[in-house]
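Participant: quick one, what's the 3D model for this:
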Amino acid sequence: MSRPLRPLSITSRLRAIRRLGTILLWTLPSLLVQAVCVAIPGQAKVGFAKLYWAVFARLLGLHVRVIGQLATGTSDRPVIFVSNHSSWVDIPVVGGVLPGCFVAKGDVAGWPVIGTIARLGRSVFVTRQRGSTVRERDTMRDLLAGGDNLILFPEGTSSDGSRVLPFRSSFFSIAEGDARPIIQPVSVVYDRLGGLPAGRANRPVFAWYGDMDIATHSWRLARESGLRVTVLLHAPLDPARFRDRKALSQAVWRTVADGAATLRQNRPARPLEVADAPDGDLVLGGDAAFA
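Facilitator: Model prediction:
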């Protein structure tokens, strides 16, 4: 059921001003706190980054629903969280749920304020230029070897929210080698607007893609009420189960796409597992066709 977009009103204007203003007031002292956390040993930098994003999402008016269990704590191996990506809003949403460092596009480092926040969150910036690929991969592997987790968006760009784009297998090169991390697929869907199920017609309220301006998009989103996003945590995978990174990326994509399709259809969702077929192909429920 889709709800038509409402015309701009005084109430929605005031709502947006209040939300964006409180986010700014929360961000400024948080930058100083995180700078201190990064400078000292221990896990404070991870815990505070997670707290910062969780509060950010709440101040933006988002109710974050989480289904499933985090893979952290179930093994002494680091975790790569692999998620679909439809908006800049994914950053505060998954950042408030998942304890890890983001893998971000290189141009994010130059964005005002956001670039500073990303660096303090110890994000890894990738340019995907041939000469820097090995160096960037080694940086991510060093973080994993040091016990950090990574948050990865392997679509390579944000989508319109109505499907999950194919995953780029090159992103999964960091899971190769002897000391392999665990991979946990994650499906993220913005499924409530005005307290009602969100449909295709109003997905642009959440989705940020193409040449959309982030300031305009933020203002438009902050005006809305009754916002909800669901984060579906699937069963973790051992990369060693798959013959190569192409098979691994396809397995993770199908899991994420299937879970996202279920959420978009407002059906009861549960964490999924991927099974290996005898011929090396992958067996999953049929919902991935809707991605």
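
Participant: nearest spatial neighbour of V108, skipping sequence neighbours?
Facilitator: Leaving out its chain neighbours, the residue that sits closest to V108 by CB to CB, 6 or more residues apart in numbering is A118, at 5.6 Å. Glycine gets a C-beta too; all of them are placed from N, C-alpha and C.

Participant: thinking that neighbour is in contact with C101, fair?
Facilitator: No - taking contacts as CB atoms under 8 Å, A118 lies outside contact range of C101: 9.6 Å.

Participant: counting neighbours, go ahead and name the busier of those two.
Facilitator: C101 (23 against 19; other CB atoms under 10 Å).

Participant: phi, psi for the closest residue in space to that one that isn't next to it in sequence please.
Facilitator: Nearest non-adjacent residue to C101, counting by CB to CB, 6+ apart: R122, 4.7 Å away. Backbone torsions for R122, taken as degrees, to the nearest 10, come to phi 60, psi 40.

Participant: can you report how many residues neighbour R122?
Facilitator: Burial of R122 is recorded as 16 neighbouring residues (other CB under 10 Å).

Participant: now swap in F81 and tell me
Facilitator: For F81, using other CB under 10 Å, the count is 25.

Participant: what does the helix or strand harbouring it contact?
Facilitator: Following DSSP states H and E, one finds F81 within strand 79-83. The contact list for strand 79-83, computed with CB atoms under 8 Å, 6 or more residues apart in numbering, reads 70-72, 90, 94, 98, 100, 144, 149-154, 167, 174-175, 181-188, 236, 252, 256.

Participant: next up, the contacts around I17.
Facilitator: With CB under 8 Å, 6+ apart, I17 has no contacts at all.

Participant: where does pLDDT dip in the stretch 51-200 of the chain?
Facilitator: Low-confidence regions of the stretch 51-200 of the chain, defined here as pLDDT under 70, cover residues 128-133, 177-179.

Participant: where along it do the strands fall?
Facilitator: Per DSSP state E, counting those that start in this stretch, the stretch 51-200 of the chain carries strands over the ranges 62-67, 79-83, 101-105, 124-126, 150-152, 182-193, 196-197.

Participant: looking at those strands, spot the one closest to R135.
Facilitator: strand 124-126 (9.9 Å; CB to CB).

Participant: show the pLDDT at N202.
Facilitator: On pLDDT, N202 comes in at 86.
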